[in-house]
Structures are given as C-alpha cells and as structure tokens.
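Asker: fold the following for me, if possible:
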Amino acid sequence: MKKLAVSVVLALAASGVYAKDLQVIRFGVDPTYAPFESKAPDGTLVGFDIDLGNAICEKLKVKCVWVENSFDGIIPALKAKKFDGILSSMSVTEKRQAQIAFSDKISNVLPRLLAKKGSDLLPTPESLQGKRVGIEQGSTSETYARAYWAPKGVTLMTYQNQDMVYQDLKAGRLDAALQSSVQADLGFLKTENGRDFAFAGPELRDPKTLGVGAGIGLRKEDNELREQINGALAEIIADGTYQTISNKYFSFDVYN
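Answerer: Got it, this is the predicted structure:
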C-alpha cells in the first residue's frame with residue numbers, strides 16, 4: 001500500500017493538482033462519534049477524524065476550519081456550501097454517491113448491535129421482532145435496519161445523534177442499538193454508562209446498505225479539491241502519519 005501511496009503522491013505532484021490559491025478547508029462534522037469525533041470537556045473537537053483532517057490540512061499548507069452539523073442534515077449542508085467537505089465517519093454507499101463525491105477510503109468499520117449483558121438478542125429480524133432498536137438518523141445503520149429489519153416487525157427509534165441513542169438505551173427505553181462497532185466499544189462500552197451492556201452478535205456486512213468504508217464527502221463539482229485531499233491522504237499513509245494517528249485511538253487496523 002505504501003508503494004502505491006507514494007506513486008499517487010508523485011503523480012499528483014507532477015500533474016500540479018495542488019492548487020496554489022487554496023487557503024482554507026472547512027470540514028463539516030457531527031461530534032458525537034467518539035473516538036472518531038467528539039468534544040473534550042473544554043469544548044474542543046477531538047478524535048481520529050479530527051486529527052486526520054488536521055493532518056491533511058497541514059500537508060496542503062491550509063487552515064483547517066471545523067463546522068458542526070447534525071449528521072442527518074450534513075449532506076444537504078455540504079451541497080448548500082456551508083462547508084467544503086464532510087469528515088465525520090461517513091460510509092461510502094451507492095445512495096450517497098448519487099448525491100455527492102467521496103475521497104479515497106479513510107477507514108473501514110462495520111456496525112454491531114448493542115444490548116444489555118446477558119441478552120439473547122441477535123442482529124436478525126427474527127430475534128428483534130417486536131423490539132425497539134435505536135439508530136442515528138441518516139446513518140448507514142438506519143439504511144440497513146430499514147431495509148432488512150423494519151419490514152419484519154422491528155420497531156426503529158431514530159435520533160439526531162448517537163449520544164441520545166445511548167441515553168435511551170441506558171434508561172431502558174430501547175431494547176438494543178445499532179451503530180459503528182468501534183464507536184460503540186470505545187465511546188460507550190468502555191465508559192461507566194456502558195458497563196451493563198455488551199455487543200449482541202457479530203458485525204454486520206452488506207455493501208449495498210453499509211458501504212465499503214468511510215471517505216470524505218465532497219461536492220461532485222469540486223474535482224480539484226478531491227484530488228488535493230486524495231494526494232495529501234496518500235502522502236499521510238506513505239509517511240506513517242496515518243498509522244501514528246490510528247495508534248493513538250485504536251489497537252487494531254481500522255483501514256482494511
């Protein structure tokens with residue numbers, strides 16, 4: 001992968017796609033997905049995606065500006081030019097590709113079901129029939145659940161952000177929740193709030209609804225910006241910056 005990344009960087013540099021007039025990149029983010037993006041106690045944005053975005057801006061020698069936006073409205077906000085790119089653990093799916101473009105892959109994390117410890121629930125429509133499952137609006141988890149679970153009698157409860165899902169799960173208003181496995185593990189299960197909960201069943205795989213990894217969402221007409229970001233991302237992978245950032249948050253590979 002490193003050899004390929006270096007080749008991409010050299011090719012992009014030779015083609016002169018790094019625009020000289022680029023000064024600022026505004027990234028839209030929903031900071032409710034620790035450890036990918038969240039707020040520190042002092043209000044600053046922290047997480048894997050935040051560090052990655054800042055590293056991309058550093059490579060391109062531009063200022064990084066972060067714009068907070070709820071995830072369910074983040075694509076319309078991008079198209080309305082409230083920011084230049086979506087850097088918020090957004091999975092690349094055919095449905096989203098019909099609306100926006102994406103950078104090269106930045107990570108690949110699959111969703112899992114959460115439930116009370118000792119629960120016999122499984123991520124199947126048969127097991128969840130008649131149960132209340134919490135999901136974040138606009139997420140690939142919602143797309144998956146609406147495609148395969150809702151028609152089979154599973155009650156889907158949607159929320160504006162993931163923190164609200166966890167609140168209702170802990171309060172007993174939900175039987176289970178479906179979300180990113182890494183986000184659930186590090187952002188909930190390993191915290192005091194998640195001590196009574198555990199994963200229920202294996203990771204879910206379905207490229208049609210869950211996509212093939214996460215990328216940075218961009219407007220389709222912004223081809224030059226996409227090329228610049230891809231070039232910076234390739235360089236970050238090649239020089240070890242990506243791995244350094246990944247090691248800060250994860251003890252396993254989130255890229256492949």
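Asker: so how far is the longest helix along the chain from its chain's centroid?
Answerer: Counting by DSSP state H, the longest helix found in the chain is helix 223-238. Mean-position distance between helix 223-238 and its chain equals 18 Å (C-alpha atoms, centre = their mean, to the nearest Å).
Asker: buried residues, the helix or strand following it. List them.
Answerer: Remark: after helix 223-238, the chain's next helix or strand is helix 241-249, criterion DSSP states H and E. Going by neighbour count (16 or more other C-beta atoms under 10 Å), the buried part of helix 241-249 is T241, Y242, I245, S246, Y249. (Glycine included, C-beta is placed from N, CA and C.)
Asker: would you list those residues in JSON lines and tack on pLDDT?
Answerer: Output for the buried residues of helix 241-249, formatted as JSON lines (pLDDT from 0 to 100):
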{"residue": "T241", "pLDDT": "98"}
{"residue": "Y242", "pLDDT": "98"}
{"residue": "I245", "pLDDT": "98"}
{"residue": "S246", "pLDDT": "97"}
{"residue": "Y249", "pLDDT": "93"}
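Asker: just put those residues in CSV and tack on distance to K116.
Answerer: Output for these, formatted as CSV (distance: C-beta to C-beta, whole Å):
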residue, distance to K116
T241, 40
Y242, 36
I245, 34
S246, 31
Y249, 27
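Asker: F71: which of the residues you listed is nearest?
Answerer: Closest approach to F71 among the buried residues of helix 241-249 (C-beta to C-beta): Y249, at 19.5 Å.
Asker: so which bits of stretch 203-219 are buried?
Answerer: By 16+ other C-beta under 10 Å, the buried positions in stretch 203-219 come out as L204, T209, L210, G211, G213, A214, G215, I216, G217, L218, R219.
Asker: with stretch 68-84 instead?
Answerer: N69, F71, D72, G73, I74, I75, L78, F83, D84.
Asker: and stretch 167-183, by the same measure?
Answerer: Under the neighbour-count criterion of 16+ other C-beta under 10 Å, stretch 167-183 has L169, K170, L174, D175, A176, A177, L178, Q179, S180, S181, V182, Q183 buried.
Asker: contacts only, for A98.
Answerer: For A98, no residue meets the contact criterion (C-beta atoms under 8 Å, 6 or more residues apart in numbering).
Asker: could you measure it against T140, distance?
Answerer: As judged by C-beta to C-beta, to the nearest Å, A98 and T140 stand 14 Å apart.
Asker: same thing with A101?
Answerer: 17 Å.
Asker: look at the two and report which has more neighbours.
Answerer: T140 (27 against 19; other C-beta atoms under 10 Å).
Asker: the more buried one against E94, yeah?
Answerer: No. Counting by C-beta atoms under 8 Å, T140 stays clear of E94, with 11.2 Å between them.
Asker: re earlier: name the residues of the longest helix of the chain that are buried.
Answerer: Buried-residue list, helix 223-238, by 16+ other C-beta under 10 Å: 225-238.
Asker: and for stretch 117-129?
Answerer: S119, L121, P123, S127, L128.
Asker: mind listing what the last one touches?
Answerer: It stands for L128. L128 makes contacts with L121, L122, W149, V154, D175, A176, as judged by C-beta under 8 Å, 6+ apart.
Asker: which members of the buried residues of stretch 203-219 occur in strands, if any?
Answerer: Among the buried residues of stretch 203-219, DSSP state E puts A214, G215, I216, G217, L218 in strands.
Asker: one step back: tell me the one among the buried residues of stretch 203-219 nearest to L60.
Answerer: I216 (12.7 Å).
Asker: tell me the contacts of the closest one?
Answerer: F27, G85, I86, L87, M90, F102, S103, I106, I229.
Asker: the longest helix of the chain packs against which elements?
Answerer: helix 2-15, helix 48-60, strand 214-218, helix 241-249 (3 or more C-beta pairs under 8 Å, 6 or more residues apart in numbering; DSSP states H and E).
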